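Student: Provided below for reference: sequence and predicted model.
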Protein chains: 2
Amino acid sequence: MSSTHLMDYEPIVGHQTLEELYLLAEGLKGKRVKMVNSTAIGGGVAEILHQLVPLLDELGIQIQWEVIKGGEDFFIVTKSIHNALHGEAAPLTQRMKEIFLEVSQENIKNTDLDQDIIVIHDPQPIVFIEAKDRTHAKWVWRCHIDVSHPVEEAWNFLKGYVEQFDAALFSSPRFSKRLPIPQFLFFPSIDPLSDKNRELEPEFIDQVLDRFQLPRDKPMITQISRFDRLKDPVGVIKAYRMAKHYTDCRLVLAGGGASDDPESELVLNEVRTEAKQDPDIHIIVLPPTSSLDINALQRASTIILQKSIREGFGLTVSEALWKKKPVIGSAVGGIPAQIIPNLTGSLIYSTEGAAYQIRYLLSHPEAAKKLGEYGHEYVKEEFLITRKIRRYLLLFHILFHPGERIIPL
Amino acid sequence: MSSTHLMDYEPIVGHQTLEELYLLAEGLKGKRVKMVNSTAIGGGVAEILHQLVPLLDELGIQIQWEVIKGGEDFFIVTKSIHNALHGEAAPLTQRMKEIFLEVSQENIKNTDLDQDIIVIHDPQPIVFIEAKDRTHAKWVWRCHIDVSHPVEEAWNFLKGYVEQFDAALFSSPRFSKRLPIPQFLFFPSIDPLSDKNRELEPEFIDQVLDRFQLPRDKPMITQISRFDRLKDPVGVIKAYRMAKHYTDCRLVLAGGGASDDPESELVLNEVRTEAKQDPDIHIIVLPPTSSLDINALQRASTIILQKSIREGFGLTVSEALWKKKPVIGSAVGGIPAQIIPNLTGSLIYSTEGAAYQIRYLLSHPEAAKKLGEYGHEYVKEEFLITRKIRRYLLLFHILFHPGERIIPL
């Protein structure tokens, strides 16, 4: 699907970064690595694998990607497990467990496990680890979700599988659980060449602003997020209003998904009520394929907000930082991993805090510029796809030669 | 010996850093840890343990420190092994190996090995690992020396022991070897409360300068090092002279140990010859207990040099950075771990490079000041004794609960 090549990243990350990837891969030539997940299209994990697999292949890793198969009943069970791991009361009956195990065994039977490394993504294919003794492979569990506060029963069910892996990978220290196996920090990443993040012509950005009827007469504060109470769009309006008292500005609230979600229709109404016909508040409902529009809106903004009440990793923060924008984000989920206060952004804990930071950044454009620039460098270092590839290569080295890398403490 | 308490570091590292140490130690309460090395006084390792052991004890770790016993013949063997690990052609006969093993076995017999963790320092007590099966302890080898280029025979002899440990600790990624066991990076550290590093009254510094007849009329460039060709004092004079051509300055070469070392007397003569009666070059031979004088000289300096040709870790760099001095150091040994070019100091590869950097820093005092300030922050983060304690506590956690800490890649 992706036709991006490693070379395409050279102008962005520099020759040396790519050189290092090739060097690391050199020692892994011919190693067979299999990625296993539960879906080929749709969802973050599939998107990641579409990017990652061709690039690892280009580096000479013999990489395969396998998607497990299952009927509706199987995926109802995995959805329930997923929700329970997020702490929601979701059923997990004996019959559901049976379906989970039976379908997993069927998948195992049909999979070539003659590999050097097998990476299982998320809980859906986790039962594959039961085949460990039949392989010489090293087994890795890549957990993309936050399992720090699961429903206990679901975690107890899963734990027995997790503990058999040679390593577990988590997206944030906050997302993991105490385990008797080595755990590694694998930040999620953004792709600087994707439509969401690539450079845009100024003319294109202007066209997008025209289309959304957004004048450029005032500083523009933007939050890009689903219309969901957990993103606190009403709080964003309140913060904007407090700040506007001191410096005139516009607010853009842009995000997807009203039609398929009755909840979000409700939230949109709350937002419209709170906006009170203020002509400087722009509420934009975006269709699902709006990457270029989102990119343009971010690039046209003066400040980007992510005022979430709960959050996954919150990669929108890195997307905005990549565009050298000063970002104000709540200290929830993965946001504190991206925002180092007063170095790569502003971390807030309240609506008043958000208002204060908007006011401060609008009246200190030099400081705001610096936050954006440092933020860009930090994203380049930690949150780009090339860094993710480097992490996988390092991990493979460590699995094959535990003492080859020296681990900093 | 040391009467320093953890609380004494609070004004320096802050409340939160200490709080974190107590939190980490909480989960290790009552654990029995034994440190084993080969000498109770004299030498860097003994100095480290004198600091470290009481502080770990204060944190509630049941810590013991054991010094192995041996006759002159034993320590002749260990000295020979030490030299061979550094790459020098040193004898290691069958008889020498026998002495090494016999004395080690004798020491093992007399040691209480009912511990949770046993840390063996350097090669002298390494044979202790032979008792591993008789204990339930986790075994750690803390290697303080650079074993990256050893005499092969000596390394082959030692390797069989090293590979039995549960973990190995090295001071720099450059100092280690490929091993089949996990390796951890343990930077050496400085003590901000020691005479070498603590704050001094301006009046005291003035007195020291008066005593050494050092006027403060010109910028002062200083290298503190033994008079040893590997520290390149003659190269320092040449670099000073090239820079002085552009900006007038003084040079201070201060270091210990002429009387007990005929080699250093030779080097001192070379240095005096190169200095050619220049009244702005000050050659100061210091007695071994000159910590306060060295501290004062560093604090009075404009720039600190460490122009070594070979180096161990080179902690003098961190000592100087701690005093917020801009440091120019050669890219050898552990110096590149301390100097991030143009952020925490200047890294050089030649006498001309040193001259250029002196000239640049003298003519850009703002940039020089920034290097010193960043350097200070970096040392606070990475090279203070409190960070070393944190590393040990983290290591103990990892050894007991391999999956409890998430490892960044």
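Tutor: In hand now; what should we look at?

Student: Please, where are all the helices along the stretch 101-250 of chain A?
Tutor: If you assign secondary structure with DSSP state H, counting those that start in this stretch, the helices in the stretch 101-250 of chain A sit at A:152-162, A:202-211, A:233-244.

Student: Show me which positions of the second one end up buried.
Tutor: Translated: helix A:202-211. A:205, A:208-209 (16 or more other CB atoms under 10 Å in any protein chain shown). No exception for glycine: its C-beta is placed from N, CA and C like everyone else's.

Student: What of stretch A:249-259?
Tutor: Applying 16+ other CB under 10 Å to stretch A:249-259 flags A:249-258 as buried.

Student: of the residues you listed, list those near chain B.
Tutor: When CB under 8 Å from any CB of the partner chain is applied, no member of the buried residues of stretch A:249-259 is adjacent to chain B.

Student: Just give me the closest of the buried residues of helix A:202-211 to chain B.
Tutor: A:Ile205 (34.1 Å; CB to the nearest CB).

Student: isn't A:Asp122 right next to A:Asn37, touching?
Tutor: Yes: contact status for A:Asp122 versus A:Asn37: in contact at 6.6 Å, counting by CB atoms under 8 Å.

Student: Between these two, which contacts overlap?
Tutor: Residues touching both A:Asp122 and A:Asn37 (CB atoms under 8 Å, 6 or more residues apart in numbering or on different chains) are A:Val45.

Student: Can you lay out the buried residues of stretch A:249-259 as CSV showing secondary structure and pLDDT?
Tutor: As requested, those are exported to CSV (DSSP: H, G, I helix; E, B strand; the rest coil; pLDDT from 0 to 100):
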residue, secondary structure, pLDDT
A:Cys249, coil, 97
A:Arg250, strand, 98
A:Leu251, strand, 98
A:Val252, strand, 98
A:Leu253, strand, 97
A:Ala254, strand, 96
A:Gly255, strand, 91
A:Gly256, strand, 80
A:Gly257, coil, 64
A:Ala258, coil, 52
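
Student: Show me where chain A dips below the pLDDT cut-off.
Tutor: A:1-2, A:257-260, A:404 (pLDDT under 70).

Student: What lies in contact with the strand or helix carrying A:Glu319?
Tutor: Element membership of A:Glu319 [criterion: DSSP states H and E] is helix A:316-322. For helix A:316-322, the external contacting residues (CB under 8 Å, 6+ apart) are A:189-190, A:192, A:196-197, A:224-225, A:298, A:301, A:304, A:306, A:327, A:329, A:335, A:338-339, A:344-345, A:372, A:375-376, A:378-380, A:383.

Student: Among these, which lie within strands?
Tutor: A:224, A:304, A:306, A:327, A:329 (DSSP state E).

Student: Quickly name whichever of the residues you listed is closest to chain B.
Tutor: Nearest member of these to chain B, counting by CB to the nearest CB, is A:Gly329, at 20.7 Å.

Student: hang on, that closest one packs against A:Ile309?
Tutor: No: the pair A:Gly329 / A:Ile309 is not scored as a contact, 11.9 Å apart, by CB under 8 Å.

Student: For those two, indicate the residue with more neighbours.
Tutor: A:Gly329 (29 against 13; other CB atoms under 10 Å in any protein chain shown).

Student: so who does that one touch?
Tutor: Counted by CB under 8 Å, 6+ apart, A:Gly329 has contacts A:305-308, A:314, A:317, A:335, A:338-339, A:345-348.

Student: What is the nearest of those to A:Arg142?
Tutor: Within these, the smallest distance to A:Arg142 is 18.8 Å, found for A:Gly314 (CB to CB).

Student: quick one, what contacts that closest one?
Tutor: A:306, A:308, A:329, A:332-335, A:338.

Student: How about A:Leu394?
Tutor: A:24, A:405, B:409.

Student: hang on, the last one packs against A:Phe184?
Tutor: Yes: the pair B:Leu409 / A:Phe184 is scored as a contact, 5.4 Å apart, by CB under 8 Å.

Student: re the thing from before, indicate which one of the helices of the stretch 101-250 of chain A is closest to chain B.
Tutor: helix A:152-162 (9.1 Å).

Student: May I see the buried residues of the closest one?
Tutor: A:154-155, A:157-159, A:161-162.

Student: ok so, going back, among the contacts of helix A:316-322, name the buried ones.
Tutor: A:189-190, A:192, A:196-197, A:224-225, A:298, A:301, A:304, A:306, A:327, A:329, A:335, A:338-339, A:344-345, A:372, A:375-376, A:378-380, A:383.
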